[in-house]
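Peer 1: This is a predicted model, with the sequence first.
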Amino acid sequence: MSFINYLSREINCKIVYYGPGLCGKTTNLQYIYNKTNPEAKGKMISLATETERTLFFDFLPLALGEIRGFKTRFHLYTVPGQVFYDASRKLILKGVDGVVFVADSQIARMEANLESMENLRTNLAEQGYSLDKLPYVVQYNKRDMPSVAPVDELRALLNPTSVPDYEAIATSGEGVFETLKAIAKLVLTELKRGGAGAGPGTGTR
Amino acid sequence: MSNPQMVMYEEEFNQIQVIVDRLVREANAQVVFIIDKNGQLIAAAGDTEQIDTTSLASLTAGNIAATGGIAKLLRENEFSTQFHEGERANIHIQLVGNRVILVVIFDNKTSLGLVRLRVKKASEELNHIFEALLRKVSDPNREAPFAEITDDDIDNLFND
């Protein structure tokens, strides 16, 4: 649910990076954080375990520039990917304007990808959202790993509705900003259409 | 529960600002914030310069969300008040109308009792304002706020 402030002339939107454990959600945010000018970003917050696994969420506030005198601000969040943190994932999806699904391209992680995507659909539905109506892009991450599935195969499995999708190597930044731009653009386009901030409008809790 | 987009207009913002300014004075607090449940900062008053307000807003909303999740597990509707006591700073967090979060940060120049008392009064007033604001935003005749934005405007934002 975007927040439009006519007084400070700001549009604030929430983007959530979703995906299975260790797929690179936090790495996406870290790369964006490292490559963004200091004046365009706020502090990145990571609520992580001692072993650097996301415990609750990562948060990165980002300013992307102005549209007709309105500053566009995006709040990027990641969810904890590990299966047993499901209760936390649900909370972070509240008020989401756009979703990036980060898939792990490694063949061994295919089942985890599918399980996470199913989990995303279920958790969104619980809050009255439909993934098919929400601004949504897919990223096939870890393209540099040795045993990765071909993109066509990933696409057939994880992107049946043909939303914009991108190959990426988040550790080196490849595809990271392309993914971010794509989702930001979809969110703003939805906002322009007056889609109640791309949310359900009548979302139930 | 209906969950329309949050929009802030000058008129309502000014009403809210009057309340938070007064709360800082009357509760003898350091800082007062209003945050929506999704972590967006709506208004602030007091000595905000030393605080990363964006981070604070996001973490407070996360905190409220997690507490709400616990409440649900216990079949409680919501835990509407939280209080954290530190060595120098204390923080009082109040859910207002299950919609926005009122945060008061204070030190030992005041007391929890006074803060609670003032927060209670401010919450009621804020609730009225946000209810009216929501009615305004939910009006089906209201124009889509960004209908005038063109695809080119959006494209231009992403031209390197």
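Peer 2: Noted; the coordinates are in hand.
Peer 1: Please settle this for me: is B:Asp152 part of a strand?
Peer 2: No. Assessed with DSSP: H, G, I helix; E, B strand; the rest coil, B:Asp152 is helix; it does not lie in a strand.
Peer 1: could you show me where the strands are in chain B, in order?
Peer 2: B:6-8, B:31-36, B:41-46, B:81-85, B:90-96, B:100-106 (DSSP state E).
Peer 1: Of those, which is nearest B:Arg142?
Peer 2: strand B:6-8 (8.7 Å; CB to CB). In short, each C-beta sits where N, CA and C put it, glycine included.
Peer 1: and the closest one, anywhere near chain A?
Peer 2: Yes. Strand B:6-8 reaches chain A (CB under 8 Å from any CB of the partner chain) through B:6-8.
Peer 1: Name the member of those residues with the most neighbours.
Peer 2: B:Met6 (24 neighbours; other CB atoms under 10 Å in any protein chain shown).
Peer 1: what's the span of stretch B:95-106, first residue to last?
Peer 2: Length of stretch B:95-106, first residue to last, CA to CA, to the nearest Å: 17 Å.
Peer 1: From the rest of the structure, what touches that stretch?
Peer 2: B:1, B:23, B:27-37, B:42, B:46, B:51, B:56, B:60-61, B:64, B:78-81, B:89-94, B:115, B:119, B:122-123, B:126-127, B:130-131, B:134 (CB atoms under 8 Å, 6 or more residues apart in numbering or on different chains).
Peer 1: I'd like to know which of those are buried.
Peer 2: Burial by neighbour count, judged by 16 or more other CB atoms under 10 Å in any protein chain shown, picks out B:23, B:27, B:29-37, B:42, B:46, B:56, B:60-61, B:64, B:80, B:90-94, B:115, B:119, B:122-123, B:126-127, B:130, B:134 from the contacts of stretch B:95-106.
Peer 1: which of these are close to chain A?
Peer 2: Contacts with chain A within those, counted by CB under 8 Å from any CB: B:36-37, B:42.
Peer 1: Export these to CSV and append columns for pLDDT.
Peer 2: Below are those laid out as CSV (pLDDT from 0 to 100):
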residue, pLDDT
B:Asp36, 91
B:Lys37, 90
B:Ile42, 94
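Peer 1: In a markdown table, list those along with distance to A:Gly194.
Peer 2: A markdown table is the format used below for these (distance: CB to CB, whole Å):
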| residue | distance to A:Gly194 |
| --- | --- |
| B:Asp36 | 20 |
| B:Lys37 | 22 |
| B:Ile42 | 22 |
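Peer 1: Now for the residue lying closest to A:Val138 once chain neighbours are set aside: which residues touch it?
Peer 2: Spatial nearest neighbour of A:Val138, excluding adjacent residues (CB to CB, 6 or more residues apart in numbering or on different chains): A:Asp165 at 4.2 Å. A:Asp165 is in contact with A:137-140, A:155, A:159, counting by CB under 8 Å, 6+ apart.
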